[in-house]
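[1] sequence and computational prediction follow.
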Amino acid sequence: PQRQIPPAFFNLFNASYLHPPKSIVLDNKYLSPGIAPTNILRDSLPENSIIYTCEWDELLAEGEQFAKRFAGDEIGKSVRYRCIMGARYAWDKLPLP
C-alpha cells in the first residue's frame, strides 16, 4: 500500500489544524500532547484511555511513545494501546470498536 499520506490530504490536514501556518509554534504544549508537561497530563486526562495507532502513519512513533509515557510511573494512567497493522493512517476514519 501507499505508505504516506497523499500530498493533497497532507496539505488539507495541515491547513485545517495549523492555521495560520506561518504563526504556529510547533512545540506548543497545546498543539502536541506528547510534549505537554507531565503535571498537565496527569491532572487533565482520564484515568482510563484507549490509544490506537496505525502501522504506516507518520506519527506512529509519537503515538507509541505517548502511550508508554501516559502509562508510565510519572503519569500513571491505565492505557489500552493497539497498533493497527497494515493501516496507513486513521484520522479520516470513524472510531469503531
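    Yes, it's here.
[2] quick one: pLDDT of the residue most central in space within the chain?
    Central residue of the chain (CA atoms, centre = their mean): residue 63, 4.9 Å from the mean position. pLDDT recorded at residue 63 is 91.
[3] please report how far it lies from residue 89.
    11 Å (CB to CB, to the nearest Å). C-betas here are computed from N, CA, C, even on glycine.
[4] low-confidence stretches in the chain?
    Residue ranges of the chain with pLDDT under 70: 1-5, 17-19, 21, 90-97.
[5] tell me where it has strands.
    Along the chain, the stretches classed as strands by DSSP state E are 48-54, 78-84.
[6] of all these, which lies closest to residue 41?
    Among the strands of the chain, the nearest to residue 41 by CB to CB is strand 48-54 (10.6 Å).
[7] the helices in the protein, which residues?
    Using DSSP state H, the helices of the chain run over 7-17, 38-44, 60-71.
[8] and these, which is most packed in?
    helix 60-71 (a mean of 16; mean count of other CB atoms under 10 Å).
[9] run the angle between it and strand 78-84 for me.
    Between the axes of helix 60-71 and strand 78-84, defined by axes from the mean of the first three to the mean of the last three CA atoms, to 10 degrees, the angle is 160 degrees.
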